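Enquirer: no sequence on this one, just coordinates:
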């Protein structure tokens, strides 16, 4: 059996660059501090998880995250419609200037170490269609056999088709995948539903027991879990 490891991208390999987001908001005359954004990212991801559980995809799920983040961080508190307009502008700009570009500590190094050992790797991410270019810009693209970006497909996590598609690109079965990601609904439930194993990459433990789901709070822990699973 050949095991393959797939990684979500945003908040797993590269996290939201809150300094960049604050600067982009200023371009639209909206003031918000990077510190406030940083403090409210977890809250916004909670809203994103609920949106995915409700079946929202693409722009609607992304906008739920961003609107929640900006609202909680005090961006234009008296102007919700202007805040919605800002979110729409940020979404339109996301393909040109991806906001998820700050490397997560230790994760690029882990990926390069796995690639050097010959482990079969792929990115499997809900994104906007320019993830291959972003990974190249950040100097990590060559480590992956495939970069699967939902923005170039008609489906996204947790849809089983994106896991099937990725397994096919790697020449393995879904049961041979170990998927690492930060979203309980999109990454963990999505992977387990197709027979893969999942590593929940989060500061907080798994919210509920789930067979074949493992928890890792940092890059070092991801490496340990992968070793335990036979990688």
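Expert: Yep, that arrived. Keep in mind that what you see is a predicted model, and the values were worked out from it rather than measured. Residues are numbered from 1 along each chain as shown.

Enquirer: residues contacting residue 153?
Expert: By C-beta atoms under 8 Å, 6 or more residues apart in numbering, the contact set of residue 153 is 161, 162, 165. Using the backbone N, CA and C atoms, a C-beta is placed for each residue, glycine as well.

Enquirer: host element of the nearest residue to residue 56 once chain neighbours are set aside?
Expert: Nearest residue to residue 56, sequence neighbours excluded (C-beta to C-beta, 6 or more residues apart in numbering): residue 64, at 6.5 Å. Element membership of residue 64 [criterion: DSSP states H and E] is helix 58-72.

Enquirer: ok now that helix, how far from the chain's centre?
Expert: Relative to its parent chain, helix 58-72 has a centroid offset of 14 Å by C-alpha atoms, centre = their mean, to the nearest Å.

Enquirer: Mind listing what's buried along the next helix or strand after it?
Expert: Downstream of helix 58-72, the next assigned helix or strand under DSSP H and E is helix 80-94. Buried positions in helix 80-94, judged by neighbour count with 16 or more other C-beta atoms under 10 Å: 83, 86, 87, 90, 91, 94.

Enquirer: As a check, name the ranges of all helices in the protein.
Expert: Per DSSP state H, the chain carries helices over the ranges 18-27, 34-53, 58-72, 80-94, 107-116, 131-137, 160-170, 190-193, 219-228.

Enquirer: Which one of the ones you listed lies nearest to residue 209?
Expert: When the helices of the chain are compared by C-beta to C-beta, helix 190-193 sits nearest residue 209, at 11.5 Å.

Enquirer: Contacts for the closest one, please.
Expert: Helix 190-193 has contacts (C-beta under 8 Å, 6+ apart) with 157-160, 162-163, 177, 179, 181, 197-198, 210-213.

Enquirer: The same query, at a cut-off of 10 Å, please.
Expert: For helix 190-193, contacts defined as C-beta atoms under 10 Å, 6 or more residues apart in numbering pick out 6, 8, 52, 124, 126, 156-160, 162-163, 174, 177-181, 183-184, 196-200, 210-213.

Enquirer: Among these, name the buried ones.
Expert: For the contacts of helix 190-193, buried by 16+ other C-beta under 10 Å: 6, 8, 52, 124, 126, 156-159, 162-163, 174, 177-181, 183-184, 196-200, 213.

Enquirer: can you pull the contacts of the closest residue to residue 5 other than its chain neighbours?
Expert: The shortest distance from residue 5 to any residue other than its chain neighbours is 5.0 Å, reached at residue 178 (C-beta to C-beta, 6+ apart). Applying C-beta under 10 Å, 6+ apart to residue 178 gives the contacts 3-7, 119, 191, 196-199, 212, 214, 222, 225-226, 229-231.

Enquirer: Okay, domains of the chain per the record?
Expert: 4-14+101-228, 18-98 (automatic domain parsing).

Enquirer: ranking those domains by burial, who's on top?
Expert: With neighbours defined as mean count of other C-beta atoms under 10 Å, those peak in mean count at domain 4-14+101-228, which reaches a mean of 19.

Enquirer: Lovely, talk soon.
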